[in-house]
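S.K.: have a look at this prediction, sequence included:
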Amino acid sequence: MASIFISYCHVDQLYARRLADALAKKGFEIWFDLRVNPGRKWSQEIEANLDNCGAVIVVMTSAARQSKWVENEVLRALRRKKDIFPLLLEGEQFFPLESTHHHDVRDGRLPGPDFYQSLSHAVAPAPSVSIDGKAHSLPEIPSERASVTRKRLTWLAGVAVGVPALVLYMTWAWARRRPAEPTADPLLVPSASATLSPPAPVDSVPPVVSARPVAPPLASSPLLELVEVPAGEFWMGAIVIDGNTYDDEIPRHRVKVSRFLIGKREVSNAEYRQFQRAHIGEGDQAATRVSWFEAKRFCESLGMRLPTEAEWEYAARGTDGRQYPWGREPPDPQRAAYPHRAPVDSYRQSAGPFGTLHQAGNVAEWVADCYEANAYKDDAEKGQLVDPLHDSRACLYRVYRGGSFNSEPGTMLRSMVRSFTLPDERSKFIGFRCARTSRP
């Protein structure tokens, strides 16, 4: 199988890396400009791999549109008559590729199965037959002959399928001379003969089932208990103390937060299952393998929302600048749920300043904000902020906070750590809790 060349702008590297990983897992050979072979220049390496590839994927964004590297790669691919697969991640389709079908991935998702199928056909070796020990490519059927052949096959298939189907239909119609009694909705009334499928393995991703969301009657559930967080002001972010601080956590800056309510615990599997019937998992454990979009819809179905990044951090740290929800003492398995998960109602001894549980360890948690690496630097220049929310319709990555049972505890369980991923990610390490504005 020939290799696939990925053309992208450096600012879109995270998406390009994710795409390359997905392609590699599906068995594709990829050329991704992570290194240059010794003695070669960038231009030589790119030209050689572009000329020898079987197909070219172009990640189209506004930044890529301005990139001379991407422009040159696209033009060279067109001159070499390469199969080009444009992915529209943001902005508009490139002018030279306007006549080429593109896949819309503007919500940050990876392309669907049809994309990989088309790509596989493009890079698959031509069929051949062995004659006298030598491989010879099979000639293509001329388009006119192929069209006639398809028409004949279609007609024969229609006869083969249509006649038995007509007989079955007449038999069925004769049996249904009397109207049938109305039946109950199978989604609402379980069949007496129905059997439950066994739970999926921990490391497997459950299939996406388009079951109808049902607004769950959870108002009386103790697991949806909310705690009130009073209005206040705090230092958001970190100061550089040691090597554990990341660039997107600085500089520390003052933020004012209005009064709000936030879930005392993470949403459990039992609760989420009332919204999405196909969801699996132990009832008292935090609901995971839920995308940002799905978490948002769940909260909104209850008249709530995801907490903002500022609200989440304020609930975890309070006004005294805690490193962790319980204080400044480093994490241990008695304070935080790691390296194993725990029920959402556990670890009460390490509650945060306002009574929240598991804001360090157990599972990380989606928040409402769009990830921007320089958000804190920009906010610090604006002075004191009130109820900040970083959001955009063109948002590529969403923030999740808190670390998980699989995180490095000394670094990733700190209350100021910011993590991010694509919003359609369904990870066994990411859950969520809901929040809402407190009415005066």
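M.R.: Noted; the coordinates are in hand.

S.K.: next up, the contacts around Tyr272.
M.R.: 279, 287, 290, 298 (CB atoms under 8 Å, 6 or more residues apart in numbering). Heads up, the C-betas are built off the backbone N, CA and C, glycines and all.

S.K.: between the two ends of stretch 344-351, how far is it?
M.R.: 12 Å (CA to CA, to the nearest Å).

S.K.: and the contacts of that stretch?
M.R.: Contact with stretch 344-351 is made by 223, 265-268, 284-286, 325-326, 334-337, 357-358, 360-362, as judged by CB under 8 Å, 6+ apart.

S.K.: ok, and for it, which residues are buried?
M.R.: Judged by neighbour count (16 or more other CB atoms under 10 Å), stretch 344-351 contains these buried residues: 344-345, 347, 350-351.

S.K.: as a check, name the ranges of all helices in the stretch 1-150 of the chain.
M.R.: 13-25, 42-52, 62-66, 68-79, 113-123, 143-175 (DSSP state H, counting those that start in this stretch).

S.K.: ok, of the ones you listed, where does mean pLDDT dip lowest?
M.R.: Mean pLDDT is lowest for helix 143-175 among the helices of the stretch 1-150 of the chain, at a mean of 47.

S.K.: hmm, which of the contacts of stretch 344-351 are the buried ones?
M.R.: The neighbour-count criterion (16+ other CB under 10 Å) marks 223, 265-268, 285-286, 325-326, 335-337, 357-358, 360-362 among the contacts of stretch 344-351 as buried.

S.K.: hang on, the earlier thing: right, and the pair among the contacts of Tyr272 with maximum separation?
M.R.: Spatial extent of the contacts of Tyr272 (CB to CB) is set by the pair His279 and Phe298 at 10.1 Å.

S.K.: so which of these two has more stuff around it?
M.R.: Per other CB atoms under 10 Å, whichever of His279 and Phe298 has more neighbours is Phe298, with 25 against 20.

S.K.: tell me how far that one lies from Trp292.
M.R.: Distance of Phe298 to Trp292, given as CB to CB, to the nearest Å: 11 Å.

S.K.: ditto for Tyr347
M.R.: Tyr347 sits 25 Å away from Trp292, going by CB to CB.

S.K.: still on that earlier bit, okay, and which of the contacts of Tyr272 map to helices?
M.R.: The helices, defined by DSSP state H, take in Phe298 from those.

S.K.: pull the CA atoms of the helix or strand hosting Val227 into PDB?
M.R.: Using DSSP states H and E, Val227 maps to strand 226-229. Below are the C-alpha coordinates for strand 226-229, written out as PDB (Å, rounded to 0.1, in the frame of the first residue of the first chain):
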ATOM      1  CA  LEU A 226     -26.000  20.600  44.200                       C
ATOM      2  CA  VAL A 227     -23.800  22.800  46.400                       C
ATOM      3  CA  GLU A 228     -24.100  26.600  46.300                       C
ATOM      4  CA  VAL A 229     -20.900  28.500  45.700                       C
END
